[in-house]
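> how would this look folded up:
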Amino acid sequence: MDYAGAAIMDLVLACTGLGLSLLGAGQTRFNVQNFNVLFALLMAVAGLGTAFASIHLSRLSDRFGRRPMILLSLAGLTVCSLLFAFATRWWHLFAIMAVRSQFMGIFWPSLEARITDGAEGPEMTRRLGLFGISFCTGLLLGYVLSGVLSDHWERAPFFVATGFGILLLILFKLVFARDRTHDGHRTAADRDDPDPARTERARRLRPAFVLSAWVANAVNYACAAVLRNIFPRFARLDVDAGGLGFSGLQIGFIAAGTGAAMLLAFVVLGKYHFWHYRFRYLLLAQLGAVGGSLIFAIAAGPVVLFLGALLIGSGAGVVYISSIYYSLDQQAARAGQSGLHEGILCFGFTGGMILVAAVSKYFTAHRTPYWLCVAMAASGIGAQIVIYALHKRRLGAG
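Just a heads-up that it's a prediction; the model follows:
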């Protein structure tokens, strides 16, 4: 049920995310000239609130247990989905997003910790892979469903998201009522690692990999967020208005390309362990994300843009599972550690959105956000090379 919960929740988030972006392309008061600035700031509020809650409120799950925190946050997220359906002003969206972000910062770390409790090494990798496959499946279904629904009624995605949120709340309540597994507390036996060589390598290299993966995750999540949140409105606008004139279905499939590539990355990396503490795999994935961002900066055809989404999604998948694996490896208070992983991700997301808002205020071309993604992804790679090189030099000097 935990994996199904991840899939359904990301379906809910995909519906609301794409639905919010497409509100700015329809005949609503959200369709304003400075949409990119306002929407980027809206996403920055979401990222900052989620980062704060992930770092500070996620620890409540280690103290009070996974189940109550999951149910509480899930109820809040469901109510917020419904409120989005009735929003008619920009300030409505900002107010709802500020509240929803707090529940986001509780839900995901609690669920991630519940999924990985009691697991180490290959078993934890397997569980994280299944978790990634689950939420990517939700993204795939959610973006396509939301795109189709918005072609008929721009408010429909929010009502569908609310319905799925209620369904998930009922399912979790039923499962938790008969769930006898431990709830965040690990015994000493759980923490024993049968591979001392792996433990020693991880101990020596972990600081560089954690920091590098956090930087990569923050930057790549910001780039993926631009694709998922800024691009739909641009693609939906008529060609005469400077857009691409795509249908909601086309936009949904393009956005779902990130989920498809992430799903494949989780299938591979959740099954095999060759990538553990191997820096080159982290960098190669991000080079693909740079190429994908470049495609969005220059291309106009749906097929080519879908390929760009695949490249961005593959990079996002590799760095996400790397960040959460290195964050949780050999850690006890896993909700807090998962919250730190999610918080760093959201701080990067927030910084990316603020940068998009600031630059778009002066450079109003529709393609500006995607050129920024190219620059951000390339800068992230450079920063990680420096981090890794400095750590290797420090180990050599020691």
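
> residue contacts, the closest residue to Leu168 other than its chain neighbours?
Distances taken as CB to CB, 6 or more residues apart in numbering put Ile8 closest to Leu168, at 4.6 Å, once the chain neighbours are dropped. (C-beta placed from N, C-alpha, C; glycine too.) By CB atoms under 8 Å, 6 or more residues apart in numbering, the contact set of Ile8 is Gly138, Phe164, Leu167, Leu168, Leu171.

> likewise for Val160?
Cys15, Leu145, Ser146, Leu149.

> cool, and Lys173?
Leu71.

> which residue, other than its chain neighbours, is closest to Gly351?
Gly351's closest residue in space is Ala222 (CB to CB, 6+ apart), at 6.9 Å.

> and the gap between the one you found and Phe172?
Counting by CB to CB, to the nearest Å, the gap from Ala222 to Phe172 is 30 Å.

> do Gly142 as well
On the measure of CB to CB, Gly142 and Phe172 end up 18 Å apart.

> kindly report the same for Ala7.
Using CB to CB, Ala7 is found at 13 Å from Phe172.

> next: Arg393.
Taking CB to CB, one finds Arg393 at 48 Å from Phe172.

> who's more crowded, those two?
Phe172 (23 against 10; other CB atoms under 10 Å).

> the more buried one contacts Ala6, doesn't it?
No: in this structure Phe172 lies outside contact range of Ala6 using CB atoms under 8 Å: 11.4 Å.

> tell me who's in contact with Gly105.
With CB under 8 Å, 6+ apart, Gly105 has these contacts: 49-58, 339, 342-343, 346.

> can you flag the buried ones in the residues you listed?
Buried residues within the contacts of Gly105, defined by neighbour count using 16 or more other CB atoms under 10 Å: 49-55, 57-58, 339, 342-343, 346.

> how about the helices in the stretch 151-300 of the chain?
Taking DSSP state H, counting those that start in this stretch as the criterion, the stretch 151-300 of the chain carries its helices at 156-177, 188-191, 196-225, 231-236, 248-271, 279-298.

> among the ones you listed, which comes closest to Gly351?
Among the helices of the stretch 151-300 of the chain, helix 196-225 comes nearest to Gly351, with 6.9 Å by CB to CB.

> wait, Gly343 touches Ser54, no?
Yes: using CB under 8 Å, Gly343 is in contact with Ser54, at 3.9 Å.

> okay, and the helix or strand of the protein with the least pLDDT?
helix 188-191 (a mean of 40; mean pLDDT, DSSP states H and E).

> so which of the helices of the stretch 151-300 of the chain is the most surrounded?
Among those, helix 231-236 has the highest mean neighbour count (mean count of other CB atoms under 10 Å), at a mean of 25.

> which helices and strands does it pack with?
Helix 231-236 is packed against helix 2-23, helix 248-271, with contacts defined by 3 or more CB pairs under 8 Å, 6 or more residues apart in numbering; DSSP states H and E.

> list the contacts of that helix.
With CB under 8 Å, 6+ apart, helix 231-236 has contacts from 18, 21-22, 24-25, 35, 39, 243-246, 248, 250-251, 254-255, 296, 305, 366, 369-370.

> whichever of the residues you listed end up buried, select them in PyMOL.
Filtering those down to the buried ones (16+ other CB under 10 Å) takes a single PyMOL command:
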select buried, resi 18+21+22+24+25+35+39+244+246+248+250+251+254+255+296+305+366+369+370
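
> rewinding a little: now the contacts of Gly105 in JSON lines, with secondary structure?
Shown next, in JSON lines, are those (DSSP: H, G, I helix; E, B strand; the rest coil):
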{"residue": "Gly49", "secondary structure": "helix"}
{"residue": "Thr50", "secondary structure": "helix"}
{"residue": "Ala51", "secondary structure": "helix"}
{"residue": "Phe52", "secondary structure": "helix"}
{"residue": "Ala53", "secondary structure": "helix"}
{"residue": "Ser54", "secondary structure": "helix"}
{"residue": "Ile55", "secondary structure": "helix"}
{"residue": "His56", "secondary structure": "helix"}
{"residue": "Leu57", "secondary structure": "coil"}
{"residue": "Ser58", "secondary structure": "coil"}
{"residue": "Gly339", "secondary structure": "helix"}
{"residue": "Glu342", "secondary structure": "helix"}
{"residue": "Gly343", "secondary structure": "helix"}
{"residue": "Cys346", "secondary structure": "helix"}
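
> could I get the residues you listed as TSV with distance to Ser322 and pLDDT?
Listed next are the contacts of Gly105 as TSV, based on distance: CB to CB, whole Å; pLDDT from 0 to 100:
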residue	distance to Ser322	pLDDT
Gly49	25	86
Thr50	20	85
Ala51	19	82
Phe52	24	82
Ala53	23	83
Ser54	18	80
Ile55	19	77
His56	24	77
Leu57	25	77
Ser58	20	69
Gly339	17	69
Glu342	14	72
Gly343	16	76
Cys346	17	78
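
> which of those residues lies closest to Ser101?
Gly49 (2.7 Å).

> surely that closest one and Ala98 touch.
Yes: if you go by CB under 8 Å, Gly49 and Ala98 touch, sitting 5.5 Å apart.

> distance-wise, check Pro109 relative to Arg367.
Separation of Pro109 from Arg367 (CB to CB): 35 Å.

> and what of Phe135?
29 Å.

> of these two, which one has the most company?
Set Phe135 next to Arg367 and count neighbours by other CB under 10 Å: Phe135 wins out with 27 against 15.

> would you agree that one is in contact with Val12?
No: look at Phe135 against Val12 with CB under 8 Å: they stay out of range, at 10.8 Å.

> now the angle from the helix or strand harbouring Gly47 to helix 2-23?
Using DSSP states H and E, Gly47 sits within helix 35-56. Interaxial angle, helix 35-56 versus helix 2-23 (axes from the mean of the first three to the mean of the last three CA atoms, to 10 degrees): 150 degrees.

> tell me how far helix 35-56 lies from the chain's centre.
Here helix 35-56 is found 13 Å from its chain centre; the criterion is CA atoms, centre = their mean, to the nearest Å.

> pull the contacting residues for Ser146.
Counting by CB under 8 Å, 6+ apart, the residues that Ser146 touches are Ala14, Cys15, Gly17, Leu18, Gly19, Leu22, Pro157, Val160, Gly248, Gly252.
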